[in-house]
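**Student:** missing the sequence, but the structure's below:
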Ligand code: ATP
Ligand code: MG
């Protein structure tokens, strides 16, 4: 399915913004009507839902979750950042492994199976993109992913 990524992404963010019960604010840098992507919308929704759920799970009271979409080197670059507890440097790459969870205490407290990001990685790769994380322990985490896109040509079809 061909969708405009900003519209698609904003709709998912809206859903979380309306239903969240925590005191966490959202900040968006999402351009409108520019970037068309050919995606399986159900699967991409699942990916983004998991990343936002994680960001909210680990956000402190009064924290901010930042969303951004921009073009970089011929791809769309999407990021979702939180101000949560972060992930120790030596564990950052492993969060995309199946069943991997950073620590047991955290896992017991937060629930979940540890599959979300492993599935996200498979789905992003299947769409021709990449996904990775940057984190500073105690400061916060950013998840990035890329997707191939097509530019709106401004009405070739009238
Ligand atoms: P599931 O998504 O299957 O319900 P989960 O959220 O534990 O379970 P993943 O989404 O795969 O699993 O995340 C794997 C682990 O990475 C988490 O258990 C957590 O330890 C760590 N993690 C993921 N996102 C964040 C984040 N935003 N801040 C801190 N830790 C994170
Ligand atoms: Mg998860």
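**Tutor:** Received it, and whenever you're ready, just let me know what you need. Note that the structure is a prediction, hence the values are computed from the model and not measured. Ligands and ions are numbered 1, 2, ... in the order given.
**Student:** For this protein, which residues are neighbours of ligand 2?
**Tutor:** Taking C-beta under 5 Å from the ion as the criterion, the chain approaches ligand 2 at residues 50, 54, 116. (Glycine included, C-beta is placed from N, CA and C.)
**Student:** near ligand 1, from these?
**Tutor:** Subset of the residues of the chain next to ligand 2 in contact with ligand 1: 50, 54, 116, counting by C-beta under 6 Å from any ligand atom.
**Student:** which residues sit in contact with the last one?
**Tutor:** Residue 116 makes contact with 50, 53, 54, according to C-beta atoms under 8 Å, 6 or more residues apart in numbering.
**Student:** Neighbour-wise, which one of those leads?
**Tutor:** The residue in the contacts of residue 116 with the most neighbours, by other C-beta atoms under 10 Å, is residue 54 (22 neighbours).
**Student:** how would you label that one: helix, strand or coil?
**Tutor:** Under the three-state scheme (DSSP: H, G, I helix; E, B strand; the rest coil), the conformation of residue 54 reads as helix.
**Student:** I'd like the numbering to begin with 48 instead of 1 from here.
**Tutor:** All right, first residue 48 from here; so that's residue 101.
**Student:** so what's it scoring on pLDDT?
**Tutor:** Confidence at residue 101, expressed as pLDDT, is 95.
**Student:** residues contacting it?
**Tutor:** Under the contact definition (C-beta under 8 Å, 6+ apart), the residues listed for residue 101 are 129, 163, 164, 188, 190.
**Student:** tell me the pLDDT at residue 85?
**Tutor:** We note a pLDDT of 96 for residue 85 in this prediction.
**Student:** got it, and residue 159?
**Tutor:** At residue 159, pLDDT is 76.
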